[in-house]
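In: I'll drop the sequence and a predicted model, then ask my questions.
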Amino acid sequence: NTNWQDLMYKSSFRTEHNLSLTGGSEKSTFALGGGYYKENTVLPGEDFTRYTFRAAIDGQVGKRIKVGLSTQNIFSYSNGSQFVSGSPLFRMMAMSPLVSPYFDDGSLNPTPWGNLDDINGGGRYNPLYLLDENPGWIDRVRRIRTFNSAYAEVEILDGLKYRANLGVNFAQQFNGTFIPQDRPLQPSFFRAGQGNTARVGNGETNGYTLEHILQYDKRFKENHTISATGLYSFQRSQSFDNFVQKDSIAEDFVKFYNLALSTPINSNNTFLGGGESSWSLISYMARVNYSFKEKYLLTTTYRRDGSSRLVPTNRWFDYPAFSAGWLLSEESFIRPIKEINLLKLRVGWGKTSN
């Protein structure tokens, strides 16, 4: 009557702490914040830790200029995420309760099911080997991410504003794994019947977005209102990653920290890889809203996008849009109807794509 889940699962916990501070004056405001998060799972060797930091400031410079900055930064570690989460769960669920995980002398039974096909073909061991306090394997992922933005807004004339937005992001990831080889007295749960393996990889993504926005709002002779917006936007992102993996290396103590010191027993078991990608997007946009007596509405929008993902001969696309609205609830023949507080008729046409 073996309950494999009771034998494997351990108590887990999750804790989260956040601290924030805000303040300011009539001309400026600020906000600061930080956080700590920690979680482990009911399976051994799996945990996740995250640190966060946030800051923002907005200020008024004179009567017509506003500026602001914000940043959000995340630093995290995870262990056991790449290979621990899948196979042990299936083996615990699938194993029979009619077999014992231990021998009569109390030592672990490496292959409690006794099926030669599982032992020789599948290369599987007793999942209780994962409870070893010094399992010998390492599975670590470290991520660093930062998102930053800044803006400046200038009121050129009454009703005419210019705003510049800049956003910058960066992400870096490191992952390293080492699984020891299978030995007679030190069975390797993840490498049953195989040699050790070590892998290290790095990846990076960076990008930015720059926007120029011009906005004009004006009311004429009380009944006419015009709002116009112009936008130019440029986006760019670049990513790359690379890795090296050695299988059946001779020096276990090196793990993945300095693979130049390791010597694969089989030279064909060394793998190298990587990749790079980048893209950019340019956008132009213009929009005009017109309102007469705040009851009759017209909107026209035009956008033009150029994407580096498309072939040079078919890179630019245009997206026009038009709409008209009638706020019926503001008409004298609708106002007396108490059951209606808002009624609007709108018709529009637009073009888009992806």
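Out: Sure thing, it's come through. Residues are numbered from 1 along each chain as shown.
In: count of residues packed around Phe333?
Out: Residues lying near Phe333 (other C-beta atoms under 10 Å) number 7. Any C-beta I mention is one placed from the backbone N, CA and C, and that applies to glycine too.
In: surely it is in a helix?
Out: No. Phe333 is assigned coil when assessed by DSSP: H, G, I helix; E, B strand; the rest coil, not a helix.
In: how confident was the prediction at it?
Out: pLDDT, Phe333: 88.
In: repeat for Phe253
Out: For Phe253, the predicted pLDDT is 87.
In: ok, now the one 5 residues further on?
Out: As predicted, Asn258 sits at a pLDDT of 89.
In: same question for the one 4 residues further on.
Out: Ser262 carries a pLDDT score of 86 in this model.
In: residues near it, how many?
Out: 20.
In: pull the contacting residues for it.
Out: By C-beta atoms under 8 Å, 6 or more residues apart in numbering, Ser262 lies in contact with Ala198, Lys246, Ile249, Ala250, Glu251, Val254.
In: how about a markdown table for the residues you listed, with secondary structure, distance to Asn3 and neighbour count added?
Out: Below are the contacts of Ser262 laid out as a markdown table (DSSP: H, G, I helix; E, B strand; the rest coil; distance: C-beta to C-beta, whole Å; neighbours: other C-beta atoms under 10 Å):
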| residue | secondary structure | distance to Asn3 | neighbour count |
| --- | --- | --- | --- |
| Ala198 | strand | 35 | 25 |
| Lys246 | strand | 39 | 26 |
| Ile249 | strand | 38 | 24 |
| Ala250 | coil | 41 | 13 |
| Glu251 | coil | 40 | 13 |
| Val254 | helix | 40 | 17 |
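In: so can I have a markdown table of these showing distance to Gly106?
Out: Shown next, in a markdown table, are the contacts of Ser262 (distance: C-beta to C-beta, whole Å):
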| residue | distance to Gly106 |
| --- | --- |
| Ala198 | 33 |
| Lys246 | 37 |
| Ile249 | 34 |
| Ala250 | 34 |
| Glu251 | 34 |
| Val254 | 35 |
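In: Leu342: which of those is nearest?
Out: Ala198 (65.9 Å; C-beta to C-beta).
In: show me the contact partners of stretch 95-115.
Out: Under C-beta under 8 Å, 6+ apart, the answer for stretch 95-115 is 1-4, 7, 118-119, 124-129, 187.
In: go again using 6 Å as the cut-off
Out: Asn1, Thr2, Trp4, Ile119, Tyr125, Asn126, Leu128, Pro187 (C-beta atoms under 6 Å, 6 or more residues apart in numbering).
In: report the secondary structure state of Arg142.
Out: Applying three-state DSSP: Arg142 is strand.
In: can you show me the helices along the stretch 151-300 of the chain?
Out: Read by DSSP state H, counting those that start in this stretch, the stretch 151-300 of the chain holds no helices at all.
In: so what secondary structure elements neighbour the one helix or strand Gly325 maps to?
Out: Per DSSP states H and E, Gly325 falls inside strand 316-327. Packing partners of strand 316-327 (3 or more C-beta pairs under 6 Å, 6 or more residues apart in numbering; DSSP states H and E): strand 296-307, strand 344-350.
In: what's the most distant pair in the contacts of Ser262?
Out: Maximum distance among those (C-beta to C-beta): 11.2 Å, for Ala198 and Ala250.
In: and Arg287, how close does it get to Gly159?
Out: 16 Å (C-beta to C-beta, to the nearest Å).
In: right, and Ser20 touches Phe30 too?
Out: No. Using C-beta atoms under 6 Å, Ser20 is not in contact with Phe30; the gap is 11.1 Å.
In: between these two, which is the more surrounded one?
Out: Phe30 (15 against 10).
In: which pLDDT value belongs to the more buried one?
Out: 97.
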